[in-house]
Structure formats: structure tokens, C-alpha cells
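> Provide a 3D model corresponding to the input given below.
(chains A and B)
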Amino acid sequence: MKNLIEVKNIKKNYGKKEAVKGISFNVEEDEILGLLGPNGSGKTTTIGMLLGLLKPTSGQIFINNLKLEENRIKILEMINFISPYIELPKKLTVRQNLYVYSKLYKVKNIKERIEYLSEKLRIGELLNSITGELSSGQKNRVSLAKALVNEPKVLLLDEPTASLDPEVGDFVRTFLEEYKKEKKISILLASHNMNEVTRLCKSVLMMKNGEIIDQGKPEDLITKHGRTNLEEVFLKLSRSKSEFN
Amino acid sequence: MSLTRIYGLFLRHFYLITRSFPRILDLVYWPSIQITLWGFISNFFATHTTYYNNAVGVILTCAILYDFLFRTSIGFNMLFLEEIWSRNFTNLFIAPMRIGEILTSLVITALIRSLIGLVPAILLTSPLFGISILDLGIFLFFLFLSLYIFGITLGILVSSGLLRFGPSFENIAWSTMFLLAPFGCIYYPIETLPEIFQKIAYVLPLVYIFEEARNILINQTVNVENVYYAFMWNAFYFSLSIGLFYYSFNAAKKKGTLINMGE
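Modelled structure (predicted):
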């Protein structure tokens, strides 16, 4: 399988503070990689570097074999991102937001693309609604539609189901599974929901203090650390590094 | 540069303005109030001082010119701040937009915002005060263009600060124009300023623009040199602002401001 994301020994320092300490990993085509770690472990910094919002202090990032530093615009055309911490303009209707972002991503056949995503994400009835007046579940699906408007090869998800009720959360997870399978895209998923990670991810990276402290398939990590689920593994690793070294 | 992307970002702000009647009202309301106020002050001075005897519309014309500058600068800042307030900033900067495309789109949108406010205000001056800014003739275009460039330049400089330092720089965005106004010699000749302030004023394009507006209206002559100096200083500050914006963008990528914007 082809690697769509290749991260080679990236470091990020803020002054003397080392936020990310030389991590490397790959994400294959048609793979969802989980990025786990306690708050402040370097997940958001890593995602920020993959999006070109942060310049690594050293190291290299390749997306679809293109070096990010030299091909920022080309790469941003094939990548997208959602996070509960960013929103679409609240005063615009859902249709206007999707239209604007379709233009920014130079989408061809905008009308068809919006119709396709509306049907898949069940937001057809919301298209003429004001984005700021939607429920958090509806906003989440609209943000997902925006993130897929450019048919990205790489999707970066930061807590994609945070604050969603179980039904909407399940809908989003099922959608992501099916969409990834259909389009063969790579997804990097940062989440604190261990059930979600276990269900969606082929493998996971555990980060702490800017380092990758363990990685592997969820079931292998559970076995390796002698726990019954991924949440217990997470707690063990985040509480003590020396315990498993 | 992609026209599609420039148009896309323009649309985002166009939708925002046209969806909200209070926003349109806000754009029209302040310039109209400002112009009406200065119209009465202008009338008063015209009848009580000799300086303005030859041209009753000098103060009002300068007020309109200054308001255009103010609206352009604030308008540009507002467009940038709007992205921060709506927490859309990250979405914008992860879209495949070049800095030049973002700036071009904001420059066009800022012009349209300013004109929405300015045109009704100018239309008010004729029936209310019997004054037409068109008395400035063809040079009106050059003066407006010069003010527009300087307004945009200030907007880009403030946006660079927002990029570099984050939303805490917002207060500066509102105060820039007030800081420069005394040196701009908007309502008085440059000789009014103390010598040290005159030296500062001469390195700003504003003084040449407003001196020339007064020169045309009072002396009925044109000093092309003033227009030339205004454009020369504008070219210098505009280039500086573009350079600073790129520098701030790169600095923000190092510092992490782009992912924490809005917090």
C-alpha cells in the first residue's frame, strides 16, 4: 500500500519548550491511524504541522509523495480537516458555506458535489438553514461536508465526535468507515474516545510529552500491556512511561 | 493567483453583508452621521472665518476623504477580525489559498464595503449643504485612490499584527487611524503642526493628499507634486506592509498563532 502521509523525524520547539520531539510515522492509503495521548502530548501540534499551520523546527513531511514545505498549496488541495474547535461562518446558510468552500477548493460541479454530500450526510434539509442556528450534531455533519467538499485524499480529524450524542456519533463513525473504504483515503484521527479508536483505527500511535511512546494495532496493544481494552492501555501509558519501558 | 478562490473569499463576506440588514445599516449609518456633523461645522466655519471664505466645502470634503480612508482601513481589519470572531480562521488558512489571493480578495471586499457607506454620504452633501465633492475634478479620483491604498496599507499592517500576536492585537486595530489622524493634517494646513510633528507628517502620504484637496478647493490650482509624493509614499508603505504580512505569516507558523487564533 502507498503511504499518503509520511512524517520523518519532525520536531517542534517553542523557545526552549520541546512540543514534539522527533516523531516519525506513516499513514497508508485506505488506513485510519489513531493519534492518542493526554492533553499537551503534542497531538494538536503534530496535526498543525501536517496542515502547514505550523513550521516544524526540523524534520520533513510528505503528503502523497510531495514535500509539504515546497508544495503547500498543492497539498492543501488534497487534504482537509475538522475539529470541534473551529467553525464555519455562523451567519451564512449551510449552502452558502459549502459553496464558498467549494470555490476556495476550486471544486468542479459544485452543485452536484453539495447534493452528493447532503444526501450522504443527511443535511439536505439543513442547506438553507443558518449555520449558527444548528444543533451541535448538525454542525458536526455540516463541518464534515465542508471537509469532504474537495474529495480529500487525506483527512485529519481532531475529536470528530466530541460532544455528539451516541446516535449521531455512531452515524459519523459509520459514515467515515464507509467513505474511507469507498474512496481509499487516509485518515489521521486524534480522539479521546477509545471505543471510537478501537472501532475505526487499524493502528494507533500513543503520544506523551511530545514523543511516540508506543504504537501498534489496538488489539496488539491491549494484549501487550495485559489490559482488557484500549482505555486501560491509554491510562497505563499516560500515567507512567517507565512502567512499560 | 486564482480568480475562483479570490471570488470564493469575496463571496463569504458578500453573503455576510447581504444577509444582515443591521450590517448594511451600520455601514451606511456612521459615514452619513459623520458627514452631516462635519457639514454643519463646515457651514459654521465658512461664515465665521476668512480662511474658508473661498471654499465652503473644504472641511466637509476633507471629512469625506478622511472617512473614506477610515472606512477602508477599518473595513479591511473587520474582514480579518470577522474570521477570528467566527472561529473560521483555521478553515481559511488550511484552504489552498495563497497569501496574495487572500489579500486581493480582502482588498476588493474592503473597497465595496467602503463604497456602500460612502456613496449615500456623498449623495447627502449636495441637497443638505449645497456642496459637491466632484468639485475636485479628475484629481478626486487620484486622491481617493491614494487614500484607498493607504487605508488598505494600514489594514494590512494591523492584520500582520493580528497574525503575529493574535486577537490581543485587536485594540490596536481600532486605534491606528486615530494615532495617525493628527499627523495627516486633515482639517488644517501642515504649518499648524509643531516642527517635529511636521517632519513626521511629511513622511506620510496623508499630508500631501489633504494639502492638495485644500489647494484645489481654495486656490483653484493643482500641484501635481503633492499627488506624486502621496503615491510615492504609498508605494513605499504598501510594499512594506506586504513584506510585513508575509513575515508575520511565517512568524505565526513558527510561533503557532495560526492554530490558536481565537483563543
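> alpha carbons only for contacts and neighbour counts from here, please
Fine.
> list the buried ones in the longest helix along chain A?
Ranked by residue count, the top helix of chain A under DSSP state H comes out as helix A:166-183. Residues of helix A:166-183 classed as buried under the neighbour-count rule (16 or more other Cα atoms under 10 Å in any protein chain shown) are A:168, A:169, A:172, A:173, A:176, A:177, A:180.
> tell me the helix or strand right after that helix.
Using DSSP states H and E, the next helix or strand after helix A:166-183 towards the C-terminus is strand A:186-190.
> wondering if that following strand reaches chain B at all.
No: legend: contact between strand A:186-190 and chain B by Cα under 8 Å from any Cα of the partner chain is lacking; minimum distance shown is 15.4 Å.
> for residue B:258, give its distance to chain A.
6 Å (Cα to the nearest Cα, to the nearest Å).
> against which helices or strands is the helix or strand hosting that residue packed?
Using DSSP H and E, residue B:258 sits in helix B:257-260. Judged by 3 or more Cα pairs under 8 Å, 6 or more residues apart in numbering or on different chains; DSSP states H and E, helix B:257-260 is in contact with helix B:89-94, helix B:139-165.
> hang on, the earlier thing: could you dump the buried residues of helix A:166-183 into TSV with pLDDT added?
Listed next are the buried residues of helix A:166-183 as TSV, based on pLDDT from 0 to 100:
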residue	pLDDT
A:168	84
A:169	85
A:172	87
A:173	90
A:176	90
A:177	90
A:180	90
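> need the pLDDT of residue 165.
As the question left the chain open, I've gone with chain A. pLDDT for residue A:165: 83.
> not what I meant, chain B
The model's pLDDT for residue B:165 equals 84.
> contact partners of the helix holding residue B:258?
A:48, A:53, A:54, B:89, B:90, B:93, B:163, B:164, B:165, B:166, B:252 (Cα atoms under 8 Å, 6 or more residues apart in numbering or on different chains).
> let's see that with 10 Å instead.
Applying Cα atoms under 10 Å, 6 or more residues apart in numbering or on different chains, the contact partners of helix B:257-260 are A:44-45, A:47-49, A:51-54, A:85-86, B:89-90, B:93-94, B:162-167, B:248-253, B:263.
> off-centre distance for the lowest-mean-pLDDT helix or strand in chain B?
None of the helices or strands of chain B scores lower by mean pLDDT, DSSP states H and E than helix B:257-260, at a mean of 77. With Cα atoms, centre = their mean, to the nearest Å as the basis, helix B:257-260 stands 27 Å off its chain's centre.
> okay, and for chain A, where does confidence drop off?
Residue ranges of chain A with pLDDT under 70: A:240-245.
> which parts of the stretch 151-263 of chain B are strands?
Remark: no strands are assigned in the stretch 151-263 of chain B by DSSP state E, counting those that start in this stretch.
> what about whatever residue of it ends up closest to chain A, how many residues nearby?
With Cα to the nearest Cα as the measure, residue B:253 is the residue of the stretch 151-263 of chain B nearest to chain A, at 4.3 Å. Neighbourhood size, residue B:253 [other Cα atoms under 10 Å in any protein chain shown]: 21.
> now the nearest residue in space to it that is not next to it in sequence: which helix or strand?
With Cα to Cα, 6 or more residues apart in numbering or on different chains as the criterion, residue B:253 has its nearest non-adjacent residue at 4.3 Å, and that residue is residue A:54. Using DSSP H and E, residue A:54 sits within no helix or strand.
> and residue A:34, that's in a strand?
Yes: remark: residue A:34 belongs to a strand, assigned using DSSP: H, G, I helix; E, B strand; the rest coil.
> give me the low-pLDDT residue ranges for chain B?
Using pLDDT under 70, chain B drops low at B:50-56, B:260-263.
> that one: helices as residue ranges?
B:3-19, B:21-48, B:58-85, B:89-94, B:99-129, B:139-165, B:170-184, B:195-201, B:205-214, B:224-255, B:257-260.
> what's the closest of those helices to residue A:23?
helix B:224-255 (17.7 Å; Cα to Cα).
> could you say what helices and strands that closest one packs with?
When contacts are defined as 3 or more Cα pairs under 10 Å, 6 or more residues apart in numbering or on different chains; DSSP states H and E, helix B:224-255 packs onto strand A:3-14, helix A:43-50, helix B:99-129, helix B:139-165, helix B:205-214, helix B:257-260.
> in it, what counts as buried?
Residues B:226-231, B:233-235, B:237-238, B:241-242, B:244-245, B:248-255 are the ones in helix B:224-255 that count as buried (16+ other Cα under 10 Å).
> repeat that for stretch A:127-144.
Within stretch A:127-144, judged by 16+ other Cα under 10 Å, the buried ones are A:127, A:129-132, A:136-144.
> confirm that residue A:195 sits in a helix.
Yes: under three-state DSSP, residue A:195 sits within a helix.
> enumerate every residue touching it.
A:229, A:230, A:231.
> who are the contact partners of the nearest residue to the last one once chain neighbours are set aside?
Looking back up the chat, that one is residue A:231. Once flanking residues are discounted, residue A:231 sits nearest to residue A:194: 5.5 Å by Cα to Cα, 6+ apart. Residues near residue A:194 by Cα under 10 Å, 6+ apart: A:34, A:36, A:200, A:218, A:229, A:230, A:231, A:232, A:233, A:234.
> what do you get for residue B:155?
Applying Cα under 10 Å, 6+ apart, the residues near residue B:155 are B:70, B:72-80, B:106-107, B:110, B:149, B:161, B:173, B:176-177, B:241.
> what about residue A:59, how many neighbours?
Quick note: residue A:59 (other Cα under 10 Å) scores 15 neighbours.
> most neighbours out of the contacts of residue A:195, which is it?
Going by other Cα under 10 Å, residue A:230 tops those with 21 neighbours.
> what sits closest to residue B:223 if chain neighbours are left out?
Leaving out its chain neighbours, the residue that sits closest to residue B:223 by Cα to Cα, 6+ apart is residue B:212, at 6.7 Å.
> does that neighbour really touch residue B:187, like I thought?
No: look at residue B:212 against residue B:187 with Cα atoms under 10 Å: they stay out of range, at 12.0 Å.
> cool, thanks, signing off.
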